[in-house]
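K.L.:
Got a predicted structure plus its sequence, pasted below:
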Amino acid sequence: MTAKAFLEVELRLNAELDQLEFGPPVRYVYRPLQYAWEPHQAFVQKFCRGGQSVLFLGMNPGPFGMTQTGVPFGEVDVVRDWFGITGEVGRPAEEHPKKPVRGFAITRSEVSGARFWGLFQELCEEPQRFFRHCYVHNLCPLSFMAESGKNVTPPELAVGERNALLALCDAALCQAVRVLGVTTVIGIGRLAEKRARKALAAAGMGDVRVEWLMHPSPRNPKANKGWAEVAKVTLEELGVLALLRKPEVTLGQVYLQ
């Protein structure tokens with residue numbers, strides 16, 4: 001039931017975002033939850049379950065990860081080999097020649113996804129151990145590119161377009177948190193953390209704890225100097241490592257220790 005309700009939240013957001021239009025600096029909009037819906041749905045149905053207490057929240061899809069596989073931080077090797085998920089992936093309505101969608105045939109690595117999931121492969125060995133307590137989601141399911149092929153982040157959108165986009169994504173995040181029943185949201189990067197904090201507070205959901213984890217992007221110089229070790233320290237402080245080491249422990253019990 002949790003997976004079904006979660007997918008319904010995403011489908012409603014898809015329909016709402018279809019009504020928006022984006023101008024410069026945006027030239028291309030990729031919508032992986034449409035053309036890569038099959039593997040995305042498989043991911044949600046396999047790993048979105050009741051009783052998870054922690055939601056890791058990214059901002060929006062990377063060009064060689066979720067844009068290709070439909071899975072958050074979806075480095076192809078991880079999705080196919082560790083999660084055991086494949087599926088048909090179509091193409092965006094318009095595609096930049098330098099950023100083609102090849103789905104599971106893509107050969108370029110998504111560094112952020114490789115770092116993020118690589119850490120949890122090391123810590124958990126099997127994905128079920130991670131997903132027993134945690135889930136991963138992106139605030140915005142769209143990827144934006146300029147005419148040059150350069151990635152355009154949501155904060156770089158024209159003000160009116162950005163506000164319209166984030167209002168819809170914030171509302172959907174609150175719905176997703178209610179469906180999941182998580183007690184903690186960990187923003188991957190400051191932007192995701194700030195959006196989650198603002199959205200949940202505005203919705204009267206201040207009882208949901210919001211925390212921060214350094215983003216593993218190669219564009220982040222600090223992440224290039226040993227992201228995994230920094231992340232482990234943060235996750236230890238937040239009580240998440242205790243969850244992953246002892247699957248029977250809840251986050252509430254960790255806080256009481």
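P.N.:
Structure received. Numbers count the residues shown, from 1 in each chain.
K.L.:
Report the next helix or strand after whichever strand or helix holds Leu33 in sequence order.
P.N.:
Here Leu33, judged by DSSP states H and E, is contained in helix 32-35. Once helix 32-35 ends, the next helix or strand along the chain (criterion: DSSP H and E) is helix 37-47.
K.L.:
could you say what helices and strands that following helix packs with?
P.N.:
Using 3 or more Cβ pairs under 8 Å, 6 or more residues apart in numbering; DSSP states H and E as the contact definition, the elements that helix 37-47 packs against are helix 2-17. All C-beta spots, glycine's among them, are computed from the backbone N, C-alpha and C.
K.L.:
Could you pull up phi and psi at Tyr28?
P.N.:
Backbone torsions for Tyr28, taken as degrees, to the nearest 10, come to phi -130, psi 140.
K.L.:
isn't it right up against Pro97?
P.N.:
No - judged on Cβ atoms under 8 Å, Tyr28 makes no contact with Pro97 at a distance of 10.2 Å.
K.L.:
quick one, which of those two is more surrounded?
P.N.:
More neighbours surround Tyr28 than the other of Tyr28 and Pro97, with 18 against 6 (other Cβ atoms under 10 Å).
K.L.:
what's the helix holding Leu33 packed up against?
P.N.:
In terms of contacts (3+ Cβ pairs under 8 Å, 6+ apart), helix 32-35 is packed against helix 2-17, helix 66-69.
K.L.:
what sits up against the host helix or strand of Leu165?
P.N.:
Here Leu165 is covered by helix 159-180, with elements defined by DSSP H and E. The list of residues contacting helix 159-180 from outside it, by Cβ atoms under 8 Å, 6 or more residues apart in numbering, reads 2, 5-6, 9-10, 12-13, 16-17, 20-23, 26, 48, 52, 55, 57, 135, 137, 139-140, 142, 154-155, 157, 185, 195-196, 198-200, 202-203, 205, 208.
K.L.:
the helices in the stretch 101-250 of the chain, which residues?
P.N.:
111-124, 127-131, 159-180, 190-202, 227-238, 240-245 (DSSP state H, counting those that start in this stretch).
K.L.:
of all those helices, which lies closest to Pro63?
P.N.:
helix 111-124 (10.3 Å; Cβ to Cβ).
K.L.:
nearest residue to Ser217 other than its sequence neighbours?
P.N.:
Here the nearest residue to Ser217 in space, its sequence neighbours aside, is Ser112; by Cβ to Cβ, 6 or more residues apart in numbering that works out to 4.9 Å.
K.L.:
Quick one: neighbours of the one you found, just the number.
P.N.:
Other residues near Ser112 number 25, with proximity taken as other Cβ under 10 Å.
K.L.:
Quick check: which ranges of the stretch 101-250 of the chain have low pLDDT?
P.N.:
Regions of the stretch 101-250 of the chain meeting the criterion pLDDT under 70 cover residues 246-250.
K.L.:
quick one: contacts for Cys48?
P.N.:
Cys48 sits next to Thr2, Ala3, Phe6, Tyr135, Leu180 when contact means Cβ under 8 Å, 6+ apart.
K.L.:
residues making contact with stretch 109-126?
P.N.:
The set of residues that contact stretch 109-126 without belonging to it, under Cβ under 8 Å, 6+ apart, is 62-66, 68, 73-78, 82, 127, 130, 188, 215-218, 223, 227-228, 231-232, 241, 244.
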